[in-house]
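Engineer: Structure for the following, please:
(chains A, B, C, D and E)
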Amino acid sequence: MKGMEKSYFWGMTLDGEHKEKKWEGTTTESTEDGTITTHSLCVRQVVLGADAKEGELNVIELECLGYEDKKQRVPVCVMKMGSTFVSNVEVVLEDCIGTFHLVRGSGPIHLSGTHQTETTILSEDVDDSMGEEEDDEEEDGVEEVPPKKKAKK
Amino acid sequence: MKGMEKSYFWGMTLDGEHKEKKWEGTTTESTEDGTITTHSLCVRQVVLGADAKEGELNVIELECLGYEDKKQRVPVCVMKMGSTFVSNVEVVLEDCIGTFHLVRGSGPIHLSGTHQTETTILSEDVDDSMGEEEDDEEEDGVEEVPPKKKAKK
Amino acid sequence: MKGMEKSYFWGMTLDGEHKEKKWEGTTTESTEDGTITTHSLCVRQVVLGADAKEGELNVIELECLGYEDKKQRVPVCVMKMGSTFVSNVEVVLEDCIGTFHLVRGSGPIHLSGTHQTETTILSEDVDDSMGEEEDDEEEDGVEEVPPKKKAKK
Amino acid sequence: MKGMEKSYFWGMTLDGEHKEKKWEGTTTESTEDGTITTHSLCVRQVVLGADAKEGELNVIELECLGYEDKKQRVPVCVMKMGSTFVSNVEVVLEDCIGTFHLVRGSGPIHLSGTHQTETTILSEDVDDSMGEEEDDEEEDGVEEVPPKKKAKK
Amino acid sequence: MKGMEKSYFWGMTLDGEHKEKKWEGTTTESTEDGTITTHSLCVRQVVLGADAKEGELNVIELECLGYEDKKQRVPVCVMKMGSTFVSNVEVVLEDCIGTFHLVRGSGPIHLSGTHQTETTILSEDVDDSMGEEEDDEEEDGVEEVPPKKKAKK
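Structural biologist: Numbering: from 1, shown residues only, chains lettered A, B, ... in the order given. This is a model prediction of the structure:
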């Protein structure tokens, strides 16, 4: 079963005093509501602040775990005051923790994009209903595991 | 049930005399038609007007509520007369109010993109029909709550 | 029911002698085939012609009706000979008429993108079959109204 | 019925000696396998070769048939050595022949993107099975005509 | 049957000492879990390292097999220190091996994007169940062949 999807605008600022910020996007569970929520983030634009230092290079690195938990750490944006102010990226983080590092320069650099959630109700009566579901395309039992994840485009 | 989706071209201009404009995109209900409509906005291009002041920096900030109603306010575009005139962004606002602020410069700055709606008919006979719906993939009852929201890409 | 979708490459040129061109994209009906076709246009790139005048600013405005038939008119691209030749935009027009105006400069400016159609067969026996459709996910009757529209991304 | 979809990386180079190249993307039929395959191409990036002549303008025109077989011919990219080397485009060609012309300059210009195919098995027993299909959402008979086409985004 | 999809951030760096790197993205099989996994890669941004040599041209070529196993080799990005630092591309590799070559310049060049997987359970009882599946929309037997592949957008 596909859970309820919602999208939220998301923003983050890195500068000389906040050179490292985390996106904590692992699956959350609400025992109160009996739901689990998966999270994904898509960073779309990186904006150099109007007060960035002239000529200074700003480098943003993203650190996270990739396929088979292999550590990834690579610059996803380099910006220099005086030329362009907006860089377009498409950095997708799905069900994981990512750390954005301003490894060079003092910004400010403003990242923004979309935080998407998918919330699924944990069904409590799965075992009981198992025998009655012969005609269903997707079984209720699927609700107990995280929903199918789709790459957000 | 998935409602009827429609897309509309959307534009907004900010300048020295209109430095702040709102996108009022929360769910609307038509008691007349018995429908509810959810709204989303995707801002795609930011265009600096041909009459913008030479060398002036223009900064657009977006303010809205993000995940768990946490206030977001971050620059989504910075443009300077003399270099590029079109910046590509992908700013998605779903079922919420967003305020665009021209916090620096006097523009004019033209934002444009797509306003998407999804209209769902509120079913009136849900309670009566509940017992008869054993084979349906999606129950009519779902129609009484806002439809599943998908991140517009 | 979802109709048959097709995509076509689309191009349009504006210059000093053709400063205004229309996209006529409202729904068309073929009484011969018993079909209706909805149209959408996605303009993807705006290319400044190689023979554009050095230093001249070219401004393209799009005029159309938006949500609740509110008139929209806003620049979607500004280009200047001497810098970039290709601007990326994502201007979506769905089931409507749009007019592109070259309000400044003499071009030539070449717009291109995708014209998408969705053709649905008008069912003739809807009233007769109504009573027999209890198990269908989507009813034939839906075919008599324009198909669900999706924002082209 | 939706056929099996596959994607392939696609590249093409135009230069002074190869100023014109064709994309032959009409539907192909394999009588051996009893399948038909529809093709679509999405050109995503246009890269100016590192050895292009300084200051020379390069213009790429695309020629193909659009909606209602109306001939389209329009520049989709203009590049000049000395400024940017990568232009992003989104040129979609679906089930048709397109010709890319280097009408100005000597390149080299490298186009690349995705070639997508959708292969459908031609069912041989359609007429026989027709009477038994009352509950199917999509009839086998559909397999004899090209599958529904979707605009590749 | 559509398998479980997951997305991972992916990064790769090329420089003077590592001028060639492979993406090994052919289908993998886990006999332990009884699953097969198809892989696709979408490279989204190419970032020139802040320490790249001033004025040096960097050229990245991608080599892989395209449609009908025809070898493709074409530059997908050219970058020069001193101008832009981020190039946007959309290079999709599906179920294949691709080699990225830094054929000119010494970088460093940082590629990043999304590695997407789709994992399908190999059903063991397909032959037995074949006769019982008359009403299913999608047959279990399909599980024995790789799942339908979709172009990642």
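Engineer: How are the helices of chain A distributed by residue range?
Structural biologist: Taking DSSP state H as the test, the helices found in chain A are A:126-129.
Engineer: Flag the shaky bits of it, pLDDT-wise.
Structural biologist: Low-confidence segments of chain A (pLDDT under 70): A:1-2, A:124-153.
Engineer: May I have the beta-bridge partners of the residue nearest to A:Thr99 when sequence neighbours are not counted?
Structural biologist: With C-beta to C-beta, 6 or more residues apart in numbering or on different chains as the criterion, A:Thr99 has its nearest non-adjacent residue at 4.6 Å, and that residue is A:Glu63. All C-beta atoms are positioned from the backbone trio N, CA, C, and that covers glycine. A:Glu63 has these beta-bridge partners by DSSP bridges: A:Arg73, A:Thr99.
Engineer: residue contacts, A:Glu63?
Structural biologist: Going by C-beta atoms under 8 Å, 6 or more residues apart in numbering or on different chains, A:Glu63 touches A:71-73, A:98-99, A:101.
Engineer: at 10 Å instead, please
Structural biologist: Going by C-beta atoms under 10 Å, 6 or more residues apart in numbering or on different chains, A:Glu63 touches A:20, A:22, A:71-74, A:97-101, E:9, E:11.
Engineer: So which of these is the closest to chain C?
Structural biologist: E:Phe9 (21.9 Å; C-beta to the nearest C-beta).
Engineer: So that closest one versus E:His110, what's the distance?
Structural biologist: Applying C-beta to C-beta, to the nearest Å, the value for E:Phe9 to E:His110 is 12 Å.
Engineer: which residues do these two both contact?
Structural biologist: What both E:Phe9 and E:His110 touch, as defined by C-beta under 10 Å, 6+ apart, is the set A:73-74, A:76.
Engineer: Centre-most residue in chain A?
Structural biologist: A:Leu41 (2.3 Å; C-alpha atoms, centre = their mean).
Engineer: That one contacts A:Gln116, doesn't it?
Structural biologist: Yes: counting by C-beta atoms under 10 Å, A:Leu41 sits close enough to A:Gln116 to count as a contact (7.6 Å).
Engineer: got any residues that touch both of these two?
Structural biologist: Common neighbours of A:Leu41 and A:Gln116 (C-beta under 10 Å, 6+ apart) are A:8, A:10, A:25, A:92, A:94, A:152.
Engineer: How many neighbouring residues does the fifth one have?
Structural biologist: So that's A:Glu94. Neighbour count of A:Glu94, defined by other C-beta atoms under 10 Å in any protein chain shown: 24.
Engineer: separation between it and chain D?
Structural biologist: Separation of A:Glu94 from chain D (C-beta to the nearest C-beta, to the nearest Å): 20 Å.
Engineer: Please name the bridge partners of that residue.
Structural biologist: Under the criterion used here (DSSP bridges), A:Glu94 is bridged to A:Ser40.
Engineer: For chain E, what's its nearest residue on chain A.
Structural biologist: Nearest residue of chain A to chain E (C-beta to the nearest C-beta) works out as A:Val74 at 3.2 Å.
Engineer: What residue, apart from its backbone neighbours, is nearest that residue spatially?
Structural biologist: A:Val74 sits nearest to E:Gly11 (C-beta to C-beta, 6+ apart), 3.2 Å away.
Engineer: pretty sure that neighbour contacts E:Phe100?
Structural biologist: No: contact criterion C-beta under 10 Å: E:Gly11 and E:Phe100 do not qualify, at 11.9 Å.
Engineer: hey, what's in contact with both of the two?
Structural biologist: E:43, E:111.
Engineer: which residues in chain A form strands?
Structural biologist: A:4-14, A:20-24, A:28-30, A:35-48, A:57-65, A:71-80, A:86-94, A:97-104, A:109-121 (DSSP state E).
Engineer: touching chain D at all, stretch A:115-123?
Structural biologist: No: on the criterion C-beta under 10 Å from any C-beta of the partner chain, stretch A:115-123 is out of touch with chain D, staying 17.6 Å away.
Engineer: How about that stretch and chain B, touching?
Structural biologist: Yes: contact of stretch A:115-123 with chain B (C-beta under 10 Å from any C-beta) involves A:115-118.
Engineer: Most neighbours of all those residues, which one?
Structural biologist: In those, the most neighbours by other C-beta under 10 Å go to A:Gln116, 26 neighbours.
Engineer: And for the residue nearest to A:Thr119 when sequence neighbours are not counted, the neighbour number?
Structural biologist: Excluding its sequence neighbours, the residue lying closest to A:Thr119 (C-beta to C-beta, 6+ apart) is A:Thr37, at 4.5 Å. Residues lying near A:Thr37 (other C-beta under 10 Å) number 19.
Engineer: Same check on A:Lys6?
Structural biologist: For A:Lys6, using other C-beta under 10 Å, the count is 19.
Engineer: For it, which residues count as its bridge partners?
Structural biologist: A:Thr117.
Engineer: got it, and A:His18?
Structural biologist: Beta-bridge pairing of A:His18 under DSSP bridges involves A:Asp15.
Engineer: List the buried residues of stretch A:42-59.
Structural biologist: Under the neighbour-count criterion of 16 or more other C-beta atoms under 10 Å in any protein chain shown, stretch A:42-59 has A:42-50, A:52, A:58-59 buried.
Engineer: if I read this right, A:Ala52 contacts B:Val59, doesn't it?
Structural biologist: No: at 11.6 Å, A:Ala52 does not count as touching B:Val59 under the criterion of C-beta under 10 Å.
Engineer: Could you tell me which residues touch both of the two?
Structural biologist: With C-beta under 10 Å, 6+ apart as the test, A:Ala52 and B:Val59 both reach A:85, B:78.
Engineer: What distance do you get for the residue nearest to A:Val74 to chain B?
Structural biologist: 21 Å.
Engineer: cool, and A:Ser112?
Structural biologist: 5 Å.
Engineer: Contact partners for that residue?
Structural biologist: Neighbour list for A:Ser112: A:9-13, A:43-47, B:62, B:72, B:74-77, B:89-91 [criterion: C-beta under 10 Å, 6+ apart].
Engineer: Name the nearest residue to A:Glu56, sequence neighbours excluded.
Structural biologist: Per C-beta to C-beta, 6+ apart, closest to A:Glu56 is A:Gly105, 4.9 Å.
Engineer: I figured the one you found was touching A:Asp15, is that so?
Structural biologist: Yes: between A:Gly105 and A:Asp15 there is a contact under C-beta under 10 Å: 9.2 Å.
Engineer: The two - which one has more neighbours?
Structural biologist: A:Gly105 (24 against 17).
Engineer: Tell me the spacing between A:Glu54 and A:Gly105.
Structural biologist: A:Glu54 is 12 Å from A:Gly105, by C-beta to C-beta.
Engineer: what's the overlap in contacts for the two?
Structural biologist: Contacts common to A:Glu54 and A:Gly105, judged by C-beta under 10 Å, 6+ apart, are A:80-81.
Engineer: still on that earlier bit, separate out the buried members of the contacts of A:Ser112.
Structural biologist: Looks like those have A:9-13, A:43-47, B:62, B:72, B:74-77, B:89-91 buried, using 16+ other C-beta under 10 Å.
Engineer: sorry, back to before: mind listing what the residue nearest to A:Glu56 touches?
Structural biologist: A:Gly105 neighbours (C-beta under 10 Å, 6+ apart): A:14-16, A:19, A:48, A:52-53, A:56-60, A:78-81, E:50.
Engineer: What's opposite A:Ser87 in the beta bridge?
Structural biologist: With DSSP bridges as the rule, A:Ser87 is bridged to A:Val46.
Engineer: looking at it, it is touching E:Thr84, isn't it?
Structural biologist: Yes: taking contacts as C-beta under 10 Å, A:Ser87 lies within contact range of E:Thr84: 8.6 Å.
Engineer: shared neighbours, these two?
Structural biologist: A:78-79, E:47.
Engineer: Can you tell me which of those is nearest C:Leu122?
Structural biologist: E:Val47 (52.5 Å; C-beta to C-beta).
Engineer: Quickly note the distance from that closest one to A:Gln45.
Structural biologist: Separation of E:Val47 from A:Gln45 (C-beta to C-beta): 15 Å.
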